[in-house]
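Novice: sequence below, structure please.
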Amino acid sequence: MEYKDYYKILGVDKKASKVEIKKAYKRLAGKYHPDVSKVANAEEKFKEVNEAYEVLKSDENRAAYDQLGSNWKAAGQGFGSQGGGFSGGADFSDFFESVFGSAGGRQAEGFGGQQHFQRKGQNIKQTIKVPLEDLYTGVNRTFVIRQPEQHPSGQTYMVEKRLNVKIPKGIEPGKSIRLKGKGESGLNGGPSGDLLLKIELDSHSKYELKGRDVYLDLLLTPWEAALGAKVNVPTPAGAVGLNIPKNMQTGKKMRLKGKGLPASVPGNLYAVIKIVIPPDNDKAKQQWQDLSKQFDFNPRTNTL
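Specialist: This next block holds a predicted model:
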């Protein structure tokens, strides 16, 4: 009797686990199924793959095969001896149901009066970058998504799709938007999976988001910090007036309540004070020197 290396047929190692064997079988069964495959001798290869899986999925049959090789059937534990093996007239759907389960797909009429397996497409996860301003207002935006598609032959290739996506107002970065039926296409007419778009905050030079609270640097002149002033704070929802108390110091945070990321309980916006010295020139230098002579002030007195 001709020896068939079932491990080689499935493309797995002899020490492969049941999970690895099942995974290899699912891949090859989809590739060589006569109803969809355009590979030469697909039906013959499909039968060979199923024969190998029928042996290796059973601990008892696999042990006999590993021990006896091509003579393993003679031990009465394999194909034919108990009517449990694969033959040319076996119903292909039996093997799909044993692997994928009735909940994993449905059957449809196919090759030669037989039935072929319909499988739901996989869910696909991708990340999209969204400006903070869009999270404040909510917006419809078009994204170009690259995702895998499965050819009827079983081969997978990448395609680009343009999708119009509604960004909900106040959604937090890290959350996902589910687009039903926009994932991987199903096999043999099965339903498509879903597309899960994870929100990532687009890098912004002005704002930092922590939870629902927004932080930005608020630039002040030395005299605004010393004397106090009313300034406009550029928030993601538009400018907001803010009264700056006198004697303001760099690093001080001023809270604008409820001006953070929108929600039923919105976050806050924190303006972090940063005092900016005017550009250097001869006139400014002279004025700073005059100012220094008028004040007996050393901010390091208590640190020396």
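Novice: and the strands in the stretch 51-200 of the chain?
Specialist: 105-109, 115-119, 124-130, 139-150, 156-167, 176-179, 195-201 (DSSP state E, counting those that start in this stretch).
Novice: count of neighbours near residue 263?
Specialist: Applying other Cβ atoms under 10 Å, we find 13 other residues in the vicinity of residue 263. For every residue, glycine as well, the C-beta is placed using N, CA and C.
Novice: could you look up the SS state of it?
Specialist: Three-state call for residue 263 (DSSP: H, G, I helix; E, B strand; the rest coil): coil.
Novice: now residue 287: how far from residue 277?
Specialist: Going from residue 287 to residue 277 by Cβ to Cβ, to the nearest Å gives 12 Å.
Novice: more neighbours, those two?
Specialist: Taking other Cβ under 10 Å, residue 287 and residue 277 do not tie; residue 287 has more neighbours (12 against 9).
Novice: checking my notes, the more buried one in a helix, right?
Specialist: Yes. Under three-state DSSP, residue 287 falls within a helix.
Novice: mind checking pLDDT for it?
Specialist: Confidence at residue 287, expressed as pLDDT, is 86.
Novice: roughly how far does it sit from residue 244?
Specialist: For residue 287 relative to residue 244 (Cβ to Cβ), the value is 22 Å.
Novice: swap in residue 232?
Specialist: Residue 232 is 11 Å from residue 244, by Cβ to Cβ.
Novice: neighbour count: these two, which is higher?
Specialist: Ranked by neighbour count (other Cβ under 10 Å), residue 232 and residue 244 place residue 244 first, with 19 against 11.
Novice: contact partners for the spatially closest residue to the more buried one that is not a sequence neighbour?
Specialist: Setting aside the residues directly before and after it, residue 244 is nearest to residue 229 in space (Cβ to Cβ, 6 or more residues apart in numbering), at 4.9 Å. Contact analysis of residue 229 by Cβ atoms under 8 Å, 6 or more residues apart in numbering lists 220, 243, 244.
Novice: tally of neighbours for the residue nearest to the first one when sequence neighbours are not counted?
Specialist: Closest residue to residue 220 in three dimensions, ignoring its sequence neighbours and counting by Cβ to Cβ, 6+ apart: residue 275, at 5.4 Å. By the criterion of other Cβ under 10 Å, residue 275 has 18 neighbours.
Novice: my read is that residue 275 contacts residue 225, right?
Specialist: Yes. Counting by Cβ atoms under 8 Å, residue 225 is a contact partner of residue 275 at 5.0 Å.
Novice: joint contacts of those two?
Specialist: What both residue 275 and residue 225 touch, as defined by Cβ under 8 Å, 6+ apart, is the set 248, 249, 250.
Novice: number of nearby residues for residue 43?
Specialist: Number of residues near residue 43 (other Cβ under 10 Å) recorded here: 17.
Novice: how about the strand or helix carrying it: buried residues?
Specialist: Taking DSSP states H and E as the definition, residue 43 sits inside helix 42-56. Residues of helix 42-56 classed as buried by neighbour count (16 or more other Cβ atoms under 10 Å): 42-43, 45-56.
Novice: buried subset of the shared contacts of residue 275 and residue 225, written for ChimeraX?
Specialist: Buried residues among the shared contacts of residue 275 and residue 225 (16+ other Cβ under 10 Å), as a ChimeraX selection:
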select :248
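Novice: could you point out which residue ranges in the stretch 51-200 of the chain have low pLDDT?
Specialist: For the stretch 51-200 of the chain, applying pLDDT under 70 flags the ranges 69-117, 149-156.
Novice: leaving out sequence neighbours, find the closest residue to residue 10.
Specialist: Nearest residue to residue 10 in three dimensions, chain neighbours excluded: residue 24, at 4.5 Å (Cβ to Cβ, 6+ apart).
Novice: distance between the host helix or strand of the one you found and the chain's centre?
Specialist: Taking DSSP H and E as the criterion, residue 24 maps to helix 18-32. Distance, stretch centre to chain centre, for helix 18-32: 25 Å (Cα atoms, centre = their mean, to the nearest Å).
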